[in-house]
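Peer 1: dropping a prediction and its sequence here:
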Amino acid sequence: MKSRAELETSTNFIDRYTCAILKRVNNCDPEWAEACATSLLSVGLGPRKFTKTNTGLLHLNVWHANFSPSGTDKTNPLKYFVYPTVEAISTALTTKKEEVDLMLPNTFSVEAIIKHMNDGQKEGLISHDEVSGYIKDIKIKGYNADAYETLSKLYDCETVRATFVKLGKYKPIREPYVTVLIAGTPILYKYLPEDYSVQGTANRILHLTGEYKPMEVHKGDSDITSGDDPLEELEEEERTIGSFAEWLVSLRNSKTTFINIGTEKTEEFLFNNKKRIADTYNTTSDSFLKGYLKRANEMTIKLIALRAFGQIQTESAKSISMPFIVPRDDDLTWAGEKVWRHVEHFKKMLKDWGRGSVMEKEPDVFSYSFYASKATTFLEEFKEGITLRDFNRKFGWDTKSKGQIFRFLFDRGEVCFFRQRRGKVFANLIALPTFKEEVEKKPETSRLTKWETVKHYFLESVEETGT
């Protein structure tokens with residue numbers, strides 16, 4: 001990613017907006033600032049700007065998700081930059097005949113999205129600085145597949161139809177154009193189901209998994225205003241937002257409608273990028289990562305086009321008459337580097353989430369101590385154990401991963417497995433070792449309990465049946 005000095009001298013919209021955020025929000029991750037700028041450019045351009053591939057026109061909406069820890073300042077760039085700029089664009093596009101509001105409902109509720117779009121606003125930004133609650137609701141309410149399938153269709157700008165009976169009165173949403181810019185903390189991995197990846201939604205998102213980094217303090221950075229007139233500074237910030245909004249509106253209204261990626265140089269770049277993707281794809285056994293890589297070249301093409309549009313200045317956009325432009329070398333380099341950074345973030349997300357290749361390897365102390373800690377902490381609430389069925393509902397680990405984690409815990413004496421008569425049947429349970437000690441002190445309870453001593457047989461049956 002470009003340095004602060006390079007951003008300050010750049011004339012590209014993405015760099016200029018990124019730099020503006022970093023100047024105001026001292027603790028902001030530069031990649032998040034860049035994601036905000038890229039997403040805003042996507043919103044500003046709207047649904048009538050494209051790039052053309054061999055399969056047809058490709059819309060330029062992009063989706064970013066930042067799952068960084070709390071305290072990495074994900075909120076302020078949205079609050080003080082993105083939202084005011086979107087509002088300014090909406091105001092500039094509003095006419096006496098049509099009111100434009102490019103801020104879509106900040107929810108993943110299929111019902112809310114369909115209702116809103118039926119009122120006529122089919123394009124805009126879905127954004128929220130803490131999506132953990134929505135992810136939790138999607139899982140608990142039990143419509144995972146429908147929600148994630150609908151989100152995938154929105155990304156692909158496909159027709160979205162109401163699937164609930166109560167939504168039957170609503171018309172299909174044709175040619176929606178949605179940009180997504182969301183943030184959350186790693187706690188959302190607790191509620192994120194495999195459908196997030198299996199349904200393909202994760203493969204359409206540029207993920208960020210930032211960590212706490214050393215703070216860089218630049219001259220002029222401060223948590224307080226340094227001028228003599230705070231009101232004047234606020235007015236200057238409004239003018240800055242206004243100028244960025246004007247820039248985007250001029251791009252939207254320009255006669256340039258698509259980026260031509262059919263040049264020899266761009267084709268060579270994309271060919272080499274695709275070879276790199278193929279090499280990574282063929283050397284991994286991680287099915288989740290394979291699915292993500294299949295979308296990587298398309299992501300690269302979108303970013304090339306967005307970056308190329310960002311090179312057009314406000315005055316040029318008003319006067320330019322060409323229907324298309326070609327990307328520069330800088331556009332290619334930037335897009336390629338950005339995509340591969342997000343591939344690395346996706347790998348880290350899979351590890352933090354507990355999915356993908358990290359769960360296919362033989363367990364080791366470093367990889368599984370995190371999951372062991374989560375499980376044993378949870379079991380402390382159940383002094384007499386909990387059925388494996390209820391334990392599974394809590395964590396939602398897939399069958400193979402569950403067996404590996406159970407074996408890891410059992411081998412280290414951190415849990416015990418047993419069958420205990422519950423009414424007319426024996427139930428499979430899991431508990432902390434202290435429970436076994438208490439049971440063996442009581443003969444009447446001990447007679448009803450069957451300890452599983454053949455651990456591998458028991459765990460293999462768990463892996464096979466998921467019981």
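Peer 2: Yes, it's here. What you are looking at is a predicted structure, and each value in this text was computed from that prediction instead of being measured.

Peer 1: show me where the stretch 301-450 of the chain has its helices.
Peer 2: 314-319, 329-353, 365-379, 388-395, 399-411, 433-439, 443-446 (DSSP state H, counting those that start in this stretch).

Peer 1: between these, which one is nearest to Trp63?
Peer 2: For Trp63, the closest of the helices of the stretch 301-450 of the chain is helix 329-353, at 10.9 Å, according to CB to CB. Quick note: C-beta positions are derived from backbone N, CA and C, even for glycine.

Peer 1: give me the contact list for the closest one.
Peer 2: Outside helix 329-353, the residues that touch it by CB atoms under 8 Å, 6 or more residues apart in numbering are 1, 12, 14, 31, 34, 67, 186, 189, 192, 202, 206-209, 265-266, 269, 273, 276, 280, 286, 288-289, 292-293, 296, 299-301, 303-304, 307-308, 311, 356-358.

Peer 1: Thr280 reaches Lys294, doesn't it?
Peer 2: No - using CB atoms under 8 Å, Thr280 is not in contact with Lys294, being 11.1 Å away.

Peer 1: more neighbours: which of these two?
Peer 2: Thr280 (17 against 13; other CB atoms under 10 Å).

Peer 1: contacts only, for the more buried one.
Peer 2: By CB under 8 Å, 6+ apart, Thr280 lies in contact with Leu289, Leu293, Val343.

Peer 1: C-alpha coordinates for the one helix or strand it maps to, PDB please?
Peer 2: In the assignment (DSSP states H and E), Thr280 maps to helix 264-282. The C-alpha trace of helix 264-282 is given here as PDB (Å, rounded to 0.1, in the frame of the first residue of the first chain):
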ATOM      1  CA  GLU A 264      -2.400  -5.700 -24.600                       C
ATOM      2  CA  LYS A 265      -0.800  -4.600 -21.400                       C
ATOM      3  CA  THR A 266      -3.900  -5.100 -19.300                       C
ATOM      4  CA  GLU A 267      -4.500  -8.600 -20.800                       C
ATOM      5  CA  GLU A 268      -0.900  -9.600 -20.000                       C
ATOM      6  CA  PHE A 269      -1.300  -8.400 -16.500                       C
ATOM      7  CA  LEU A 270      -4.500 -10.300 -15.900                       C
ATOM      8  CA  PHE A 271      -3.100 -13.400 -17.500                       C
ATOM      9  CA  ASN A 272      -0.100 -13.400 -15.100                       C
ATOM     10  CA  ASN A 273      -2.500 -12.600 -12.200                       C
ATOM     11  CA  LYS A 274      -4.700 -15.600 -13.100                       C
ATOM     12  CA  LYS A 275      -1.600 -17.800 -13.300                       C
ATOM     13  CA  ARG A 276      -0.700 -16.800  -9.700                       C
ATOM     14  CA  ILE A 277      -4.300 -17.500  -8.600                       C
ATOM     15  CA  ALA A 278      -4.100 -20.900 -10.300                       C
ATOM     16  CA  ASP A 279      -0.800 -21.800  -8.600                       C
ATOM     17  CA  THR A 280      -2.300 -20.900  -5.200                       C
ATOM     18  CA  TYR A 281      -5.500 -22.700  -6.000                       C
ATOM     19  CA  ASN A 282      -3.700 -25.900  -7.000                       C
END
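
Peer 1: pull out the buried positions in that helix.
Peer 2: By 16 or more other CB atoms under 10 Å, the buried positions in helix 264-282 come out as Thr266, Phe269, Leu270, Asn273, Arg276, Ile277, Thr280, Tyr281.

Peer 1: returning to what we had before: between the contacts of Thr280, which is nearest Thr53?
Peer 2: Within those, proximity to Thr53 (CB to CB) peaks at Leu293, which comes in at 17.4 Å.

Peer 1: which residues touch that closest one?
Peer 2: Ile277, Thr280, Tyr281, Thr284, Val343.
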